[in-house]
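A.B. asks: Build me a model from this:
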Amino acid sequence: FSGPKQGKLNSYFWRITKALRKIYTLTIYDKGAEVVRMIRTLLGPELFRKGSDLYFDRHDGQAVTIDDFVAAMENASGRDLTQFKRWYHQAGTPEISASAKYDEAAEEYAITFKQSCPATPEKSEKDPFHIPVSIGLLGEAGALPLSLKGEIPDSETEDNTSMVVELTEAEQTFVFESVNEAPVPSLLRGFSAPVKLRYPYSRDELTALMSRDNDGFSRWDAGQQLAIQVIQEVQAALQNEPSPTVDKRFISSLKMLLNDQCLDPAMVALMLVLPSESYLADQVSVVDVDAVHHARNRVRRKIAVS
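C.D. replies: Model prediction:
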């Protein structure tokens, strides 16, 4: 076509594309994938595979719903996933705030989680989600073995330095026994759930996770949190001085990554990437675009010449 017909055709396809973008967004696909992955985390790989086989045996070639998928997982595993289906029925991203306390005399370490979800037009008060949170505890020499109070350790588990706890209430506390030093908590390991997690890490704790944690996601996330703090500090300092210093702990941690021959070079390269300016802007209510740009570039240059 050409001329008016081509213009009408272009307009038609543009309207369809716009409509499809509203329906098939990254949020739909990414959230869907993460929710399915959470089921695998809760059930474990063997039961998840068993549930998947049952699902395909039952519904191959049929038009099915997510309820059919979850029912297959329940039947194969014997687990009740009724509460978990709130991930499909409640809008919004859950938020988790965590706090911890170490009892040196009892050698116990308690972590408390509080979950919430912002109000959305269809529902102002949300029911608690079923959230798997993978946890590790980092000591001076590396990851510590985990023993959850009130539970019998699984002797078949190869890795006893990581554990998945399940949040099903608005507030829950988990106590770990035989912890012989004050640890740094490694939370949401492997990005075990698509939630926003808040924990008051100090810079020294973030440096420890970034340098010594045995979970790749936790190391990367600690580096991103530390980078945000450093860039924001430089941004504030730029108001009064043209060449503010950059926290040496951050630079030293990056040097340590580059010198660690055991790490995957691709992982190191990813950890060297600073948070984007758009992400940094999302962290504050009032954005000074120029200040964010100059602060980030200041930190980049410092990394390059160190």
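A.B. asks: ok now do R296, which residues does it touch?
C.D. replies: R296 is in contact with 231, 274-275, 277, 280, counting by C-beta atoms under 8 Å, 6 or more residues apart in numbering. To be clear about C-beta, it is placed using only N, CA and C from the backbone, and glycine gets the same treatment.
A.B. asks: Scan these and report the most crowded one.
C.D. replies: Most neighbours among the contacts of R296, by other C-beta atoms under 10 Å: I231, with 24 neighbours.
A.B. asks: pretty sure that residue is touching R300, no?
C.D. replies: No: using C-beta atoms under 8 Å, I231 is not in contact with R300, being 9.5 Å away.
A.B. asks: For these two, list the residues in contact with both.
C.D. replies: Joint contacts of I231 and R300 (C-beta under 8 Å, 6+ apart) are L274.
A.B. asks: still on that earlier bit, let's have the contacts of R296 in CSV, adding pLDDT and distance to G190.
C.D. replies: What follows is the contacts of R296, written out as CSV (pLDDT from 0 to 100; distance: C-beta to C-beta, whole Å):
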residue, pLDDT, distance to G190
I231, 96, 26
L274, 96, 23
P275, 95, 20
E277, 94, 27
L280, 94, 25
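A.B. asks: what helix or strand is F48 on?
C.D. replies: helix 45-59 (DSSP states H and E).
A.B. asks: actually A295, not the one I typed
C.D. replies: Element membership for A295, per DSSP H and E: helix 289-305.
A.B. asks: to the chain's geometric centre, what's the distance from that helix?
C.D. replies: 26 Å (C-alpha atoms, centre = their mean, to the nearest Å).
A.B. asks: What residues sit buried inside the strand or helix carrying S211?
C.D. replies: Assigned by DSSP H and E, S211 belongs to helix 203-212. Across helix 203-212, burial judged by 16 or more other C-beta atoms under 10 Å covers 203, 205-212.
A.B. asks: Most widely separated two among those?
C.D. replies: Using C-beta to C-beta, these span at most 14.8 Å, a distance reached by R203 and R212.
A.B. asks: Assign R249 to helix, strand or coil.
C.D. replies: helix (DSSP: H, G, I helix; E, B strand; the rest coil).
A.B. asks: Now it. Nearest residue, chain neighbours left out?
C.D. replies: Leaving aside its chain neighbours, R249 sits nearest to T207 (5.1 Å; criterion: C-beta to C-beta, 6 or more residues apart in numbering).
A.B. asks: Tell me how far that neighbour lies from I303.
C.D. replies: 15 Å (C-beta to C-beta, to the nearest Å).
A.B. asks: and if you look at D57?
C.D. replies: 53 Å.
A.B. asks: Comparing the two, which residue is more hemmed in?
C.D. replies: I303 (15 against 9).
A.B. asks: got a list of what the more buried one touches?
C.D. replies: 251, 254, 272 are the contacts of I303 under C-beta under 8 Å, 6+ apart.
A.B. asks: how does it look with 10 Å?
C.D. replies: By C-beta atoms under 10 Å, 6 or more residues apart in numbering, the contact list for I303 reads 227, 246, 250-251, 254-255, 272, 274.
A.B. asks: sec struct for L263, please.
C.D. replies: coil.
A.B. asks: where do the strands sit along the stretch 151-300 of the chain?
C.D. replies: Along the stretch 151-300 of the chain, counting by DSSP state E, counting those that start in this stretch, strands occupy 163-167, 171-176, 184-187, 196-198.
A.B. asks: which of those is buried the deepest?
C.D. replies: Highest mean neighbour count of these: strand 184-187, a mean of 24 (counted as mean count of other C-beta atoms under 10 Å).
A.B. asks: who does that one pair up with?
C.D. replies: Note on strand 184-187: by DSSP bridges, its sheet partners are strand 131-139 (antiparallel).
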